[in-house]
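Chemist: Structure for the following, please:
(one chain, ligands or ions: 1)
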Amino acid sequence: MKYFYLENYGCQMNRADSNSLIHSLRDIGFIQTDDVKKSDSIIINTCSVREHAEERVFGRVRYFASIKRRFNKNLKIIIMGCMAQTSKDILYSFGADNVFDVYNEIDIAQYLKSDILDEKEFNKDYVFHKPYIDDIYTHKAFLPITHGCDNWCSYCIVPHTRGHLLSRKSSEILEGIKQLIGEGAKDITLLGQNVNSYGLDIDDITFTDLLYEIDKIIGDNDIWLKFMTSHPKDFDKTIATAIRDLSSVCEHLHLPFQSGSNRILNVMNRKYTIEEYLEKVSFLRDVDSSFVLSTDIIVGFALETESEFQETLNVVTNIGFEEAYLYRYSERPLTVASQKNIPYDVDKGKDMLSRLIEVQRKVSHDLLSKQVGKTLKVMIDFIAKDKKNYLAKTRNNRSIIIDGSNGKTYTSGDIYNVQVKSIKGHSLMGEIV
Ligand code: SF4
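Modeler: Modelled structure (predicted):
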């Protein structure tokens, strides 16, 4: 019997890839374990987007190499994911046995079984993993519909680590949806670095058409369909209308705007102006004013000035994002920004970030306060750590903690109406009615 231990870092795409690998390994008789010393193979799925995540992986590889030296000379330390492109040599020097880039990780299970690897060429031979229900949240599934990215935002490392945009055939996606529904998925997320670019590289249907085709398959089943991430330059009215008209598609949109300043957007190579972004949000709200928006913002890039930062704060307060992922710019090697030596100021970035967090916190709180007293449809995600309350999500991605003091048991994936009683932190608190 062979045991493996797996650690995952980074985005939902990595989580989906790790999940598929776990299933492939189980299919060939491997057993997953939490006990590192018991395992025959240790697999780390890595992320290069932030320096901090890379540093952590280096530390883990060194630690696993010491376990190998002390307890199990035959242990295999396997690295997969984005760091294979950025740090292969360092990973080997710290003790990794094999480093698989994202084009080759599909074969890890086969390699661990037979020691044979059919090496694939980067940017050429990508094979999509078979989708599976999530290993931890068994009502959820993540289905990658594109891989890689051709947008080349100047701060971003993804085009280097994952390669060119590649869309999965729509026939394969639709089969994947049927398979996941058959296996009990209630909450399916279509994944891609920019899902709105779906189909631009192949002769197939558009992203909007894909939503319509998937909705037909879902039919009257109460299954929630989500997608991420969208890019403002490709987001159009047809997608907004699809969100409104298709009963399976959830009324939430993650639309990163990154900066309120046109100079910064230009240096970032985002390919839209802030006026165009605002126009898209306004037609989205014309289609349905109840859509909930979330976003990503980077501050401190390209020596952002105080007045440029104020433009970002204005967008945050005027649009009203219920949730925002906020970052201080940190330079990543290989990116266009790093090659062009685009300057930045770490201290200014830190100061801007803390002020932005404060503003965003208030915006989120004010928006969520408006939900108190309302009755919302929610899907149960899981039981909280206290083993008493339940965590759930609304269709528009609001988190809600459900009072479980009535002693009733609720199952992940079940849908209920919940009355919102109050707010705690960034979560609503409610009771099932
Ligand atoms: S759209 Fe821009 S930020 Fe997103 S993955 Fe592509 S290059 Fe990176």
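
Chemist: low-confidence ranges in the chain?
Modeler: Counting by pLDDT under 70, the chain has no low-confidence residues at all.

Chemist: following the longest helix along it, which helix or strand comes up?
Modeler: For the chain, the helix reaching the highest residue count under DSSP state H is reported as helix 346-369. Towards the C-terminus, the helix or strand next in line after helix 346-369, according to DSSP states H and E, is strand 375-383.

Chemist: residues of that following strand that come out buried?
Modeler: When burial is assessed from 16 or more other C-beta atoms under 10 Å, strand 375-383 yields the following buried residues: 376, 378-381, 383. For the C-beta atoms, the positions are set from N, CA and C on the backbone; glycine is no exception.

Chemist: got it, and stretch 196-211?
Modeler: By 16+ other C-beta under 10 Å, the buried positions in stretch 196-211 come out as 196-199, 204-208, 210-211.

Chemist: same deal with stretch 298-310?
Modeler: Within stretch 298-310, the residues that qualify as buried are 298-302, 304, 308-309, counting by 16+ other C-beta under 10 Å.

Chemist: residues contacting residue 64?
Modeler: Taking C-beta atoms under 8 Å, 6 or more residues apart in numbering as the criterion, residue 64 is in contact with 36, 42, 44, 75, 77, 95.

Chemist: So for the helix or strand where it lies, what gets flagged as buried?
Modeler: For residue 64, the host element (DSSP H and E) is helix 51-71. Of the residues in helix 51-71, 54, 56-58, 60-61, 64-65, 67-68 count as buried by neighbour count, 16+ other C-beta under 10 Å.

Chemist: now it: how far from the chain's centre is it?
Modeler: Put simply, helix 51-71 sits 24 Å off its chain's centre (C-alpha atoms, centre = their mean, to the nearest Å).

Chemist: Next secondary structure element downstream of that helix?
Modeler: Reading on from helix 51-71 to the C-terminus, the next helix or strand found by DSSP H and E is strand 76-81.

Chemist: Check whether stretch 326-334 comes near the ligand.
Modeler: No - applying C-beta under 6 Å from any ligand atom, one finds stretch 326-334 out of contact with the ligand, separated by at least 10.3 Å.

Chemist: Endpoints of that stretch, how far apart?
Modeler: 22 Å (C-alpha to C-alpha, to the nearest Å).

Chemist: which residues are contacting it?
Modeler: Taking C-beta under 8 Å, 6+ apart as the criterion, the residues outside stretch 326-334 that touch it are 48-51, 86, 155-157, 160, 296-301, 337-338, 344, 346, 349-350, 352-353, 356-357, 360.

Chemist: just to revisit the earlier point, can you tell me what sits against the longest helix of the chain?
Modeler: If you take C-beta under 8 Å, 6+ apart as the criterion, helix 346-369 is touched by 297, 299-301, 303-304, 309, 312-313, 316-317, 320-324, 326-329, 398, 423, 426, 428.

Chemist: can you pull out the strands in the stretch 151-300 of the chain?
Modeler: With DSSP state E, counting those that start in this stretch, the ranges of strands along the stretch 151-300 of the chain come out as 166-167, 187-191, 224-228, 252-254, 292-299.

Chemist: helix or strand right after the last one?
Modeler: Yep, that's strand 292-299 we're talking about. Beyond strand 292-299 on the C-terminal side, the first helix or strand identified by DSSP H and E is helix 306-319.

Chemist: Check which helices and strands that following helix sits against.
Modeler: Judged by 3 or more C-beta pairs under 8 Å, 6 or more residues apart in numbering; DSSP states H and E, the packing partners of helix 306-319 are helix 274-287, strand 292-299, helix 346-369.

Chemist: Quick check: of the buried residues of helix 51-71, which lies closest to the ligand?
Modeler: Sorting the buried residues of helix 51-71 by how near they are to the ligand, with C-beta to the nearest ligand atom, puts residue 54 at the top with 16.4 Å.
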